[in-house]
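Q: Task: produce atomic coordinates for the following.
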Amino acid sequence: MGTIYYGGSATPIHIDDRALAHLKIVIATKLRRSESFTLTWVHPEGEPRGRSTVWLHPSIPLRFVFDEPEVPDLNHDWIRELANSANSSGGISLVAEHVLSTDSGPTDSAPQAVEVSDS
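A: Next comes the predicted model:
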């Protein structure tokens, strides 16, 4: 489980390492361009029901911490999907990754679980 430390908030945002690796690419790209936007996620099981949104701005300190030392293989389709949402008026909505099946059949259209919590 990775962590985002944002601004002076006493509450870190916990996100699955794989999801965080993908988010980091999109967030860093937007902030490098001096673009502000929102990031929204649904609270996972075990957390109070609901969702959270944070406003990301280039002037606010941001740190990504990963539990795993290795960078996972990145899914460029997922990055594109997150980037497209980042460029919308609603900002980034953390959506589950769509994983290709291992056989040559159709893709798995059911979203995979993405663990996200803000505590």
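
Q: Spit out the contact partners of the residue nearest to residue 82 when sequence neighbours are not counted.
A: Nearest in space to residue 82, with sequence neighbours left out and distances taken as Cβ to Cβ, 6 or more residues apart in numbering, is residue 26 at 4.6 Å. Quick note: C-beta positions are derived from backbone N, CA and C, even for glycine. Contact analysis of residue 26 by Cβ atoms under 8 Å, 6 or more residues apart in numbering lists 79, 82, 83, 86, 92.

Q: and what of residue 54?
A: Contact analysis of residue 54 by Cβ under 8 Å, 6+ apart lists 6, 13, 38, 39.

Q: For beta bridges, what are the partners of it?
A: residue 39 (DSSP bridges).

Q: how near is it to residue 21?
A: From residue 54 across to residue 21, the span is 18 Å (Cβ to Cβ, to the nearest Å).

Q: picking that back up, pull the most distant pair out of the contacts of residue 54.
A: Spatially, the most separated pair among those is 13 and 38, at 13.0 Å (Cβ to Cβ).

Q: more neighbours, these two?
A: residue 13 (21 against 16; other Cβ atoms under 10 Å).

Q: coming back round to it: now the contacts of residue 54 as TSV including distance to residue 98?
A: TSV is the format used below for those (distance: Cβ to Cβ, whole Å):
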residue	distance to residue 98
6	27
13	23
38	22
39	19
